[in-house]
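J.: make a model of this:
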Amino acid sequence: MFVLRVAAEEPGLSLNELSERTRTHQSSVSVVVSRLVRQGLVERRASEGDARRVEVSVTSKGRRKLRRAPQAAQERLLTEVESLSAADRVRLADLLERVARGMAIPMRRPAMFFEEAKRSRKRSR
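T.: Numbering: from 1, shown residues only. Below you'll find the model as predicted:
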C-alpha cells in the first residue's frame, strides 16, 4: 500500500524515483510494483520522452483501493521520523545502528518493511 500511495501522489514516477521516495532498495520496489501490476492496481509503460524509462501509474482500481485503505505503517513511521529535528534523527540513526551491531545482525539486502514477518509466517506453516 505504501508504494501504491506514493505512486498515486506523483503519476509517472520511475522505479528509481519510487525507490527514493519510499526509501527502499530499487529491487524491492521492483518486486512490489510487479505484484501491483499483477493485481491490476498499477500499470508500467515506456515514457513518451524516453523509451528507456519505465513509468508507473496507478489504475482506477488502484485509486479505489487507496480510498478504502488506512495509512500504511511505513507512512506513519516516516512522518514521525521526518518530524524529528536533524539532531534527533542523527541520534536515532546512531542508536539504531548500535542496536543492530549489538544484535549481530548479518549484513544482507534490507527487506521491505514487514517483509521478514511474512517470510517467517510462510516457513512456519
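J.: where does the prediction get shaky in the protein?
T.: Residue ranges of the chain with pLDDT under 70: 106-125.
J.: can you pull out the helices in it?
T.: Taking DSSP state H as the criterion, the chain contains helices spanning 2-9, 15-22, 26-38, 60-68, 73-83, 86-102, 115-124.
J.: out of the ones you listed, deepest packed?
T.: helix 2-9 (a mean of 22; mean count of other CB atoms under 10 Å). For glycine as for every other residue, the C-beta is placed from the backbone atoms N, C-alpha and C.
J.: report the angle between that helix and helix 26-38.
T.: 80 degrees (axes from the mean of the first three to the mean of the last three CA atoms, to 10 degrees).
J.: chain center to helix 2-9, what's the gap?
T.: Chain-centre distance of helix 2-9: 9 Å, with CA atoms, centre = their mean, to the nearest Å.
J.: what does the domain assignment say about the chain?
T.: 2-68, 73-124 (automatic domain parsing).
J.: tell me how many other residues crowd Ala104.
T.: As a burial measure, Ala104 scores 6 neighbours (other CB atoms under 10 Å).
J.: same question but for Glu48, I mixed them up
T.: Burial of Glu48 is recorded as 9 neighbouring residues (other CB under 10 Å).
J.: next, give phi and psi for it.
T.: phi -70, psi -30 (degrees, to the nearest 10).
J.: how far away is it from Leu84?
T.: Glu48 sits 40 Å away from Leu84, going by CB to CB, to the nearest Å.
J.: cool, Val58 as well?
T.: 30 Å.
J.: would you turn the helices of the chain into a markdown table with distance to Val54?
T.: Converted to a markdown table, the helices of the chain look like this (distance: least, CB to CB, whole Å):
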| stretch | distance to Val54 |
| --- | --- |
| helix 2-9 | 12 |
| helix 15-22 | 7 |
| helix 26-38 | 9 |
| helix 60-68 | 17 |
| helix 73-83 | 23 |
| helix 86-102 | 32 |
| helix 115-124 | 23 |
